[in-house]
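# Based on what follows, work out the 3D shape:
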Amino acid sequence: MPTSAPKAGERALELLRLGTQDPAAAFRDGQLEAIRHVVSNQRRLLVVQKTGWGKSSVYFIAAKLLREAGRGPTLLISPLLSLMRNQLAAAERMGVRAVTIHSENESEWPAVEASILRGEVDVVLISPERLANDHFGKRILGPISGRIALLVVDEAHCISDWGHDFRPHYRLLERILQSLPQNLRLLATTATANHRVVADLTHILGPNLALSRGDLSRPSLFLQTIRLPSQTQRLAWLAEQLARLPGSGIIYTLTVRDAELVAAWLQSQGLNVEPYTSQSGQVRPRLENALLKNELKALVATTALGMGFDKPDLAFVIHYQSPSSVVAYYQQVGRAGRAIQAAYGVLLSGAEEVRIGEYFIASAFPSPTEVSQILAALEAAPDGLTANDLMSRLNITKGRIDKALLLLSLESPPPLVKQGTAWVLTITQLSDTFWERANRLTALRRTEQQQMQEYVSLTQGHMEFLIQALDGTPEPFAPPRLPPLPTTADPQLAQAAAEFLKRTSLPLEPRIQWPNGGLPQLGISGKIPANLRAQPGKVLSIWGDGGWGELVGQGKYREGEFADDLVTACADLIQKWSPPVTWVTCVPSLRHPDLVPSLARRLAHRLGLPFHLALLRTGHRPEQKTMANSSQQARNVDGALKAQRQVLCPMPSTPVLLIDDMVDSRWTLTVAAYLLLSSGSGPVFPLALASTAQTDA
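Numbering: from 1, shown residues only. Below you'll find the predicted structure:
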């Protein structure tokens with residue numbers, strides 16, 4: 001250490017007590033040893049310690065001691081903005097001058113950059129994605145690289161192909177390390193690294209990587225698994241138990257849509273909760289602070305509120321569905337019970353979790369066919385193509401195109417690079433190791449998913465199972481003395497949840513821009529004029545959900561006719577919505593010629609409005625669900641519909657309700673509304689029975 005060991009130990013303890021705001025705080029087993037190891041620069045160090053152990057205290061104290069010894073700043077790479085906010089608050093209490101550069105503080109960048117270059121900053125905290133930013137590399141990392149005293153990689157399991165939360169940009173660390181001094185101090189920290197992850201990190205971070213591994217047991221957590229397959233059962237269980245549980249906590253969901261739905265249901269039952277997702281934007285700091293101050297009963301969150309969020313007295317973590325792996329679950333449930341003697345960690349297993357998990361697994365890597373098509377398209381365009389250009393040429397989803405471009409660009413050396421907004425090929429051929437890694441990780445994730453289902457089936461030994469799965473040493477474990485929570489849901493609350501789901505509708509926002517390249521057959525491109533654009537509409541349900549979604553699927557694919565209950569539900573929705581419509585029409589189909597018109601006629605009769613079949617199909621086209629991205633879906637509708645002027649002459653010029661069964665990209669309804677308005681109709685208000693969009697489902 002820079003000063004004598006006893007004095008440095010005393011100063012480290014002083015900093016710990018400042019950071020924790022506890023004058024009696026003492027180091028946990030391994031903390032002071034890790035600090036000494038890093039500051040004395042013995043070897044690079046990987047710390048694997050359970051959630052709540054205090055990994056951030058180690059690297060902030062080490063950074064402060066190095067600065068006090070005249071060393072340069074620490075570069076801290078951290079994966080989540082919520083984690084950054086917690087870390088900055090802890091650093092400030094220790095007197096550490098820490099700054100962060102991220103997408104939400106762009107107005108502060110000039111001042112932050114200037115202070116870094118003047119040597120006024122102790123810790124520079126960034127996300128791994130910032131490593132790919134040319135501006136950061138040239139203006140900050142390049143000038144200070146020779147002065148960096150310590151590189152900290154938090155949540156280091158994200159580096160590993162075997163890690164549960166693989167963040168592609170973490171792979172850049174291998175390149176960054178090659179450009180930094182070989183004797184650079186390095187500290188990597190995580191709560192979840194099994195033997196496979198440790199081996200992977202040793203390969204990437206260097207052969208001289210020392211390992212500090214602690215006990216993973218969490219004696220304050222009472223773990224329980226409950227199978228409640230249906231949404232309505234789980235919603236009912238949450239409403240009943242949340243009202244009884246002491247303290248505050250987190251409810252985790254797998255999707256943004258579920259976080260918003262669960263929060264809305266619990267709010268309807270008088271519970272003080274809020275959704276917290278990647279779409280919460282600038283309100284996320286306020287929501288975090290409200291939970292920290294116990295002003296909320298719970299946040300209903302996706303993994304956007306995950307690693308590093310620190311509320312010591314969090315009394316419960318409940319999962320609405322099972323995560324995809326034991327590693328992910330240990331990270332999330334570990335938010336609870338850090339500074340209290342007993343907390344609940346309850347996993348509610350739902351029927352949809354395997355399907356959602358399989359979607360995430362399948363979408364993690366592009367297929368060989370998709371990569372071949374992308375590379376072939378770029379080879380045919382020497383000046384390069386944008387992602388939108390690729391969408392217009394290839395029947396591949398936008399998400400998979402974006403993922404393929406990102407992953408390929410992070411290979412070393414990369415087969416393609418981004419120049420401005422366009423992607424261009426390099427002379428490098430894609431290595432077979434890319435596919436070996438993709439296949440290995442895909443197989444592992446399926447194994448982890450099965451392992452998580454084994455955990456769901458447990459009636460006891462939950463903590464021991466988690467520790468063994470993480471390659472820890474399972475010691476005899478005595479859970480805290482908390483009563484098990486009920487394993488069934490109140491039938492009356494379940495019925496209320498079913499009615500809630502049936503009352504819940506989605507907004508249908510109109511498209512305002514034609515796709516890149518326009519629609520050639522209709523001869524239209526650019527911005528959609530306001531007078532030829534659909535009005536904001538409504539969607540009755542999510543395809544396959546526990547509200548009306550199941551009945552929609554049954555009507556379309558089993559009965560061949562939509563039930564009268566759906567007509568009633570649409571009529572009730574329209575009554576609440578109150579669009580000023582005076583007649584009804586629908587989107588026609590050649591495959592199911594009577595399905596949607598029958599629904600629209602019955603709905604028009606229920607509303608006391610006339611029905612006119614104002615649109616015709618011009619010929620067979622592939623089903624929209626076979627079109628993988630928005631551009632392809634738009635082209636598939638181009639010229640497929642026309643206004644039926646010979647029947648409706650003139651077209652009614654008053655507002656019209658436009659009915660369809662399914663909506664995904666919204667292009668069918670957008671083109672239908674354009675044709676109606678171009679033919680003289682009044683404003684068009686679209687209504688669909690179910691959304692099949694992945695962002696909703």
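
# all helices of the stretch 151-300 of the chain, in order?
Secondary structure of the stretch 151-300 of the chain by DSSP state H, counting those that start in this stretch: the helices cover 172-179, 195-205, 231-242, 256-268, 284-292.

# which of these sits most buried?
Of those, the one with the most neighbours on average (mean count of other CB atoms under 10 Å) is helix 231-242, at a mean of 24. For glycine as for every other residue, the C-beta is placed from the backbone atoms N, C-alpha and C.

# Send over that helix as CSV, restricted to the C-alpha atoms.
What follows is helix 231-242, C-alpha atoms only, in CSV (Å, rounded to 0.1, in the frame of the first residue of the first chain):
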residue,chain,number,x,y,z
GLN,A,231,-51.9,-14.4,-15.1
THR,A,232,-55.1,-14.0,-13.2
GLN,A,233,-53.9,-16.3,-10.4
ARG,A,234,-50.6,-14.5,-10.0
LEU,A,235,-52.2,-11.0,-10.2
ALA,A,236,-54.7,-12.1,-7.4
TRP,A,237,-51.9,-13.5,-5.3
LEU,A,238,-49.8,-10.4,-5.6
ALA,A,239,-52.7,-8.1,-4.6
GLU,A,240,-53.6,-10.2,-1.6
GLN,A,241,-50.0,-10.8,-0.3
LEU,A,242,-48.6,-7.4,-1.1
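
# pLDDT averaged over it, what's the number?
On average, the pLDDT along helix 231-242 is 96.

# just stretch 632-639 next, same as before
Average pLDDT, stretch 632-639: 86.

# now swap in stretch 395-404 and tell me
Per-residue pLDDT over stretch 395-404 has a mean of 90.

# what does stretch 67-78 give?
Rounded mean pLDDT across stretch 67-78 is 93.

# In it, which residues are buried?
Buried residues in stretch 67-78, counted by 16 or more other CB atoms under 10 Å: Arg67, Arg71, Gly72, Pro73, Thr74, Leu75, Leu76, Ile77, Ser78.

# Narrow those to those in strands?
Among the buried residues of stretch 67-78, the ones falling in strands (DSSP state E) are Thr74, Leu75, Leu76, Ile77.

# Closest to Glu108 out of these?
Glu108 lies nearest to Leu76 out of those, by CB to CB, at 17.2 Å.

# Does the closest one touch Tyr59 like I think?
Yes - at 6.7 Å, Leu76 and Tyr59 qualify as touching, with contact defined as CB atoms under 8 Å.

# which of the buried residues of stretch 67-78 sit farthest apart?
Among the buried residues of stretch 67-78, Arg71 and Ser78 lie farthest apart (CB to CB), at 20.5 Å.

# and Ile512, what does it touch?
By CB atoms under 8 Å, 6 or more residues apart in numbering, the residues touching Ile512 are Lys527, Ile528, Arg533.

# can we see that at 10 Å?
By CB atoms under 10 Å, 6 or more residues apart in numbering, Ile512 lies in contact with Lys527, Ile528, Pro529, Ala530, Arg533, Ala534, Thr670.

# Kindly write the ChimeraX command that selects the buried subset of those residues.
Here is the ChimeraX selection string for the buried members of these, based on 16+ other CB under 10 Å:
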select :528,533,534,670
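
# Now the two most distant members of the contacts of Ile512.
Pairwise over the contacts of Ile512, using CB to CB, the maximum falls at Lys527 and Ala534, 14.1 Å.

# Among the ones in strands among the buried residues of stretch 67-78, which one lies nearest to Ala90?
Comparing these against Ala90 with CB to CB places Leu76 closest, at 11.7 Å.

# can you tell me how far the closest one sits from Ala63?
Between Leu76 and Ala63 the distance is 8 Å, computed by CB to CB, to the nearest Å.

# swap in Leu675?
Taking CB to CB, one finds Leu675 at 63 Å from Ala63.

# These two: which is more packed in?
More neighbours surround Ala63 than the other of Leu675 and Ala63, with 30 against 21 (other CB atoms under 10 Å).

# Just the element for that one, please.
Taking DSSP states H and E as the definition, Ala63 sits inside helix 55-68.

# And that helix, what's buried?
Applying 16+ other CB under 10 Å to helix 55-68 flags 55-67 as buried.

# same for that helix, what does it pack against?
Here helix 55-68 touches helix 5-20, helix 31-39, strand 44-48, strand 74-77, helix 81-93, strand 123-126, strand 150-154, strand 185-190, going by 3 or more CB pairs under 10 Å, 6 or more residues apart in numbering; DSSP states H and E.

# Just give me how far that helix sits from the chain centre.
31 Å (CA atoms, centre = their mean, to the nearest Å).

# now the angle from it to strand 185-190?
Going by axes from the mean of the first three to the mean of the last three CA atoms, to 10 degrees, helix 55-68 is angled at 170 degrees with respect to strand 185-190.

# for the protein, where's the lowest mean pLDDT among helices and strands?
Ranking every helix and strand in the chain by mean pLDDT, DSSP states H and E puts helix 81-93 at the bottom, with a mean of 72.

# Where do the strands of the stretch 351-500 of the chain begin and end?
Here the stretch 351-500 of the chain has its strands, by DSSP state E, counting those that start in this stretch, at 416-419, 422-425.

# cool, and the stretch 551-697 of the chain?
583-586, 615-617, 641-643, 656-663, 684-691.

# Neighbouring strands of the fourth one in the sheet, and parallel or not?
I take that to be strand 656-663. For strand 656-663, sheet partners with direction are given as strand 583-586 (parallel), strand 684-691 (parallel), following DSSP bridges.

# average pLDDT across the first one?
Spelled out, it's strand 583-586. 96.
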